[in-house]
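>>> Test case, fold it:
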Amino acid sequence: MAEPALVVNKLTRTFGQRRAVSKLDLRVEPGDVYGFLGPNGAGKTTAIRCMLGLLRMDNGTVRIFGEDDPVRQRRHVGAMVETPAFHPWMSGLDNLKRAAAFAGRGTPAEIAAAIEQVGLKGRERDRVRGYSLGMRQRLGIARALLGSPRLLILDEPTNGLDPRGMKEVRDLLLDLARSKQITIFISSHLLGEVEQLCTRVGIIEKGRLIAEGTPAELAARQQVLVEVGAPDPDALHAAITAVPGATIQGNTPAGRLRVALSRELSTGQLNAALVSAGVVVDALIPLTESLESLFLSLTSEDLT
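Numbering: from 1, shown residues only. Presented below is the predicted three-dimensional model:
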């Protein structure tokens, strides 16, 4: 069996009296595109800095492809933490050459390959001050690719991008995962991006992992939601209120009732109870749940 790409065990980090990350456990398998999802301030960047050895852990361990020595771990990892910074008066190519010399990895062939992979071929000799934000993000990913890492750790790589730039970065990461078999660990607070990009997701709040699984598995954890309509809305409201396990959450855009069902109550049982109460039901429509609904139900902080 192949070694996991990343194993985090009981990672804890405090700042004074504030615990930014608390006993965090994560496991990322080779080939995963793992989404590390949480609201701003949840502890994502602190956890990533600890994983990369940029910040000391109070407790816990990190293993990368079986390695627990930070020096040996770096051979396997490329990273971009927060907004990448470059020398604006230098070209993208010269910035990469400088980064390769400083890190002691990244041959001219690897630099050329990274430029090609991120779609900057033909613009690599332009000064970075003339790059768009999306191009700078791609240049940051190119820098992370130097040395041919097996694992990319990217902190909010689409942060601040317009929809076109976000799609460019998402398509790039999907291509790297599929064609280069690179394992990707990506933190984000953008739910739609995570759903479209990631094979597995961990949700963090206040430094703790509160849910983990595939996007479909996480969405399935939610209550079943249905849209219910009847010619007599008042009778429908009263009848649903009397059904154990049914909770009215409000109205849908169509003017019907949005109803959450407990795991013990099926849509068929709800319909039978309403018919028994003398209510004529003219609509009973399952509502599709998403990762967003689970995120909002689990986390107490607002998305920003």
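>>> ok, which stretches of the chain are strands?
6-15, 18-28, 33-37, 59-64, 77-80, 151-155, 183-188, 200-205, 208-213, 224-229, 246-251, 257-261, 283-287 (DSSP state E).
>>> how far away is Lys206 from Pro157?
23 Å (CB to CB, to the nearest Å). C-beta here means a position set from N, CA and C on the backbone, and glycine is covered the same way.
>>> hey, which of the strands of the chain is tucked in deepest?
Using mean count of other CB atoms under 10 Å, the stretch among the strands of the chain with the largest mean neighbour count is strand 33-37, at a mean of 27.
>>> returning to that earlier point: can you list the strands of the chain in TSV and add distance to Val71 and mean pLDDT?
Output for the strands of the chain, formatted as TSV (distance: least, CB to CB, whole Å; pLDDT from 0 to 100):
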stretch	distance to Val71	mean pLDDT
strand 6-15	17	96
strand 18-28	21	94
strand 33-37	24	94
strand 59-64	11	96
strand 77-80	11	94
strand 151-155	15	95
strand 183-188	20	94
strand 200-205	27	91
strand 208-213	27	90
strand 224-229	50	87
strand 246-251	53	87
strand 257-261	51	87
strand 283-287	51	86
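>>> Name the nearest residue to the spatially most central residue of the chain, sequence neighbours excluded.
For the chain, the residue nearest the mean C-alpha position is Gly35 (3.0 Å; CA atoms, centre = their mean). Using CB to CB, 6 or more residues apart in numbering and skipping the chain neighbours, the partner closest in space to Gly35 is Cys198 (3.5 Å).
>>> Then Leu174?
Using CB to CB, 6+ apart, the nearest residue to Leu174 is Leu197, at 6.5 Å.
>>> Now do the helices in the stretch 101-250 of the chain.
108-117, 133-145, 163-179, 191-197, 215-220, 233-241 (DSSP state H, counting those that start in this stretch).
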